[in-house]
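J.: sequence and predicted structure, then a few things I'm wondering about:
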Amino acid sequence: MPPELPDVVTLSVPLFLVGMLLELAVSHRGRTVRYETRDTFASLAMGSVRVIEGIVLGGLATAVLVWAHQFRLLDIGREWWVVVVAFVIDDLRYYVYHRVAHRIRWFWAEHVNHHSSQHYNLSTALRQSWTGTLGGSVIFKVPLALIGFDPGMLVFVVGLNTVYQFWIHTEAIDKMPWWFEAVFNTPSHHRVHHARNPRYLDTNFAGALIIWDRMFGSFVPEDEAEPCQYGLVNNLGTFNPVRIAFHEWAALLVDVVRPGLTLGQRLRYAFGPPGYSHDGSRRTADELKAEALAAR
Amino acid sequence: MPLELLVPMVVLGVALTLFVTHALGGSCIPPVEVGQATATFTAEHPGLSIQRVEIDRSGRTAVVLLEDGRVGVVTRIGDHLTVKIATDAARVQDRLRLRFGDVGWPMRDVHLGESERSPDDAA
């Protein structure tokens, strides 16, 4: 019988709360961080409902992993080194998922809410998706179950990764030591990821290890000459958590059923890059970057 | 962690965080000013020429009348500014009703002063 692994995300709830209160204290003293009441409410409401979604639908995702695990290539136990290996491999899985979530609108529809705040503070970390399970993002974890990592181990390391990513959502920390910045995802790297400046769009997809971005060419360092502007290319005008959670799904549906489109155009609205439009009326991240580059 | 502990912890934690945020001035929303709105709009849409900028009665939304006849807004979303261009603008009694063709932000009514220019002229 393998040892039980704890639910690290739930156990970290007190850490999340204390972290936000500490950052609020820092923001009050130094004015380097800004919290806005309705923005914070929206983020915390989304985080709270995400916990409920996990309780209600988490079993569905686990069931998919349990099913896939029966076809595993290897029998991998739960020794301490397995945790380390699983964490690193899962972090690569997160990089792939995250990159896809920014490049394919179907997955962007569930991830976009995390980027919807124009603030960047620890509460932003809790602005989590409600539709990840229903959107099918568990499919990215299936290969790990097929390799042989048991579903309990996967849930554990995914939780560790989630907890790691909490502290990097802050402007209160400038830069970490160079060796840390070289290997790990940090507040500086992740600020770039959350920025809407064209040159920063679709970069730094890392979860815990920034090495994946460095390896696969998506790394962009924070440039003091170009401060990060946070939020979406087309920012939302609402703090309503329900609207934040579902607006992109609704927009996707509106586009897909629009009359007069070819099947290919409908498919591109669903599975093409965010910002795709059949009539060129919108801009993808690549197009925005190219335009910004040409304007320099 | 048992739900009996988790639920009150989350509820109290959220309430405390919101209270502290409010107490430290997180609910104070500054008004938008013409110069600021103009600069923000121009930064977002450098290719568009602005004819005139007017602040609505709330002081939190600037209506941007463009040379090409379209209407944009620069509005406070919390303490940040958001820029949108309307797909349709129409006067409804004392309000200017702007539609944005955006699921996240479908419509916005702005109240301009009595002496302001007719929106029908601009839209």
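T.: Nice, I can see it. Computed from a predicted structure; not experimentally measured. Numbering: from 1, shown residues only, chains lettered A, B, ... in the order given.
J.: need the nearest residue in space to the residue most central in space within chain B, chain neighbours excluded.
T.: What sits nearest the mean C-alpha location of chain B, by C-alpha atoms, centre = their mean, is B:T75, with 2.4 Å. Among residues not flanking B:T75 along the chain, B:T61 sits closest, at 4.1 Å (C-beta to C-beta, 6 or more residues apart in numbering or on different chains). Any C-beta I mention is one placed from the backbone N, CA and C, and that applies to glycine too.
J.: same check, this time on B:D56
T.: B:V110 (4.2 Å).
J.: could you confirm the one you found falls within a strand?
T.: Yes: per DSSP: H, G, I helix; E, B strand; the rest coil, B:V110 lies within a strand segment.
J.: what's the local residue count around it?
T.: B:V110 has 22 neighbours, counted by other C-beta atoms under 10 Å in any protein chain shown.
J.: please report the distance of it from B:L5.
T.: 47 Å (C-beta to C-beta, to the nearest Å).
J.: what helix or strand is B:L65 located in?
T.: Using DSSP states H and E, B:L65 falls within strand B:61-66.
J.: please apply the same query to A:G260.
T.: Judged by DSSP H and E, A:G260 forms part of no helix or strand.
J.: report pLDDT for it.
T.: A:G260 is assigned a pLDDT of 95 by the prediction.
J.: and the closest residue to B:Q51 other than its chain neighbours, what are its bridge partners?
T.: Computed as C-beta to C-beta, 6+ apart, the closest residue to B:Q51 that is not its neighbour in sequence is B:L65, at 4.7 Å. B:L65 forms beta bridges with B:R52, B:V71, as assigned by DSSP bridges.
J.: so B:L65 is in contact with B:F41, correct?
T.: No: here B:L65 does not reach B:F41: they are 10.8 Å apart, not a contact under C-beta atoms under 8 Å.
J.: so what sits against both of the two?
T.: Residues within reach of B:L65 and of B:F41 at once, by C-beta atoms under 8 Å, 6 or more residues apart in numbering or on different chains, are B:50, B:53.
J.: quick check: residues of chain B near chain A?
T.: Contact residues, chain B versus chain A (C-beta under 8 Å from any C-beta of the partner chain): B:1, B:6, B:9-10, B:13-14, B:16-18, B:20-22, B:24, B:26-27, B:46, B:75, B:77-80, B:82-84, B:102-105, B:108.
J.: now, of the residues you listed, which are buried?
T.: In those, burial by neighbour count holds for B:6, B:10, B:13-14, B:17-18, B:20-22, B:26, B:75, B:77-80, B:82-84, B:102-105, B:108, counting by 16 or more other C-beta atoms under 10 Å in any protein chain shown.
J.: doesn't A:A101 fall inside a helix?
T.: Yes: under three-state DSSP, A:A101 falls within a helix.
J.: tell me the contacts of it?
T.: With the criterion set at C-beta under 8 Å, 6+ apart, A:A101 makes contact with A:107-108, A:110-111, A:137.
J.: go on, A:T203?
T.: Counted by C-beta under 8 Å, 6+ apart, A:T203 has contacts A:192-193, A:213, A:218-220.
J.: which of the residues you listed lies closest to A:D286?
T.: Distance to A:D286, by C-beta to C-beta, is smallest for A:S218 among the contacts of A:T203, at 12.6 Å.
J.: tell me who's in contact with the closest one.
T.: A:99, A:202-205.
J.: next, it: secondary structure please.
T.: Per three-state DSSP, A:S218 ends up coil.
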